[in-house]
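> Show me the folded form of this:
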Amino acid sequence: MMNRKDFIALSSLGFLGLYACGTSNMMNIRKPLAIQLYTVRDAISDNLEKALEKLAELGFNQVEIYGYDGTFFGKTRTEFQSILKNVGLEVISSHHTTGIVHSTKGTLLNDWEKSVEDLHFIGSKYMVCSYLFEEERTLEHYKKLPKLLNQSGEITKKAGIEFAYHNHDFEFEKFDEITFYDFILDNTSPDLVKMELDLYWIAKAGLNPLTYFEKYPKRFPLWHVKDLKAGTKDFTEIGNGTIDFKTIFEVREKAGLKHWFLEQDSSDKDMFESLKISTDYIAKNNFFK
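Residues are numbered from 1 along each chain as shown. Take a look at the predicted model:
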């Protein structure tokens, strides 16, 4: 008898007829399709499990989560793990802030060991420093950050989890004749601190990711894949903007890419409609595979 997880996965790929013919092993060769859940934060706030089911129906089978605060969207780690299993989703990565300004649970400076323990429990492979609040973007904090990132990476490494830093565009501003982004890369251990490169934000900053892949090979195992609208530079569906994803994906090995996540921070449509546009584009372009 087909379980719920298999039904969602097979229906999203048009394989239900094949299943009836005894080819359910098609499940074993599914390509990973991942999303940062912040994309559907409104739907998650309304109904977590329903939102995750809609993502699974679109073909997503991996996620990056946000907002861990000692719970996962208000659920215990056991409850959240059960929901993921029922829907058929796997957590690859999790976003966390530093705790320098907002010292809430789940931050790098507030009982980080417990955060690592809980993320290890649900099977996450990565934990990511996701954002610096405006108050943290001072020269004093910037100079101290590499040490905090290294220390955080040492703790995740003990649990078999890799640690990374996620950029926006402000990291590409210069101080002391160097961008803050380069400062992080130059002053953290490549073994302890990887980078999750957001392709939208580096494009908005006017820089080329290929330059960084060449200068810092294998430091970029995680990417956020989202597009930049011409003119306004707003967020848009993958394929509807100006970013040359084909060229970027051609050097994925140089970058060290392991996992990439579709993300769209906002939309002028229903977000699930935007996701359908993006996933259709992804399916038509083999360079995403």
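> quick one: E196 is in a helix?
No - checked against DSSP: H, G, I helix; E, B strand; the rest coil, E196 lies outside a helix; its state is strand.
> list the contacts for it?
For E196, the contact set (C-beta atoms under 8 Å, 6 or more residues apart in numbering) comprises S93, Y126, V128, A164, Y165, H166, N167, F220, P221, L222, W223, H224. Where C-beta positions appear, they are placed from N, C-alpha and C, glycine not excepted.
> ok, now E162?
Contact analysis of E162 by C-beta under 8 Å, 6+ apart lists K125, Y126, M127, G153, T156, K194, P221.
> can we see that at 10 Å?
Applying C-beta atoms under 10 Å, 6 or more residues apart in numbering to E162 gives the contacts 93, 124-128, 153, 156, 191-194, 221-222, 258.
> show me where this protein has helices.
Counting by DSSP state H, the chain has helices at residues 4-13, 16-20, 41-46, 48-57, 77-87, 112-121, 139-158, 180-187, 199-204, 209-215, 245-249, 252-255, 271-284.
> Single out the most deeply packed of those helices.
When these are scored by mean count of other C-beta atoms under 10 Å, the highest mean neighbour count falls to helix 199-204 (a mean of 22).
> ok so, going back, and which of the contacts of E162 is nearest to E273?
Closest approach to E273 among these (C-beta to C-beta): S93, at 25.3 Å.
> Please verify my assumption that F213 contacts K254.
Yes - A contact is recorded between F213 and K254 when judged using C-beta atoms under 10 Å, the distance being 4.8 Å.
> Overlap of the contact sets of those two?
Taking C-beta under 10 Å, 6+ apart as the contact rule, the neighbours common to F213 and K254 are F220.
> Tabulate the contacts of E196 (a markdown table), appending pLDDT, neighbour count and distance to T279.
As requested, the contacts of E196 are exported to a markdown table (pLDDT from 0 to 100; neighbours: other C-beta atoms under 10 Å; distance: C-beta to C-beta, whole Å):
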| residue | pLDDT | neighbour count | distance to T279 |
| --- | --- | --- | --- |
| S93 | 98 | 28 | 19 |
| Y126 | 99 | 22 | 22 |
| V128 | 99 | 24 | 23 |
| A164 | 99 | 24 | 24 |
| Y165 | 99 | 25 | 27 |
| H166 | 98 | 23 | 22 |
| N167 | 98 | 22 | 24 |
| F220 | 98 | 23 | 23 |
| P221 | 98 | 20 | 22 |
| L222 | 98 | 27 | 19 |
| W223 | 98 | 25 | 16 |
| H224 | 98 | 22 | 16 |
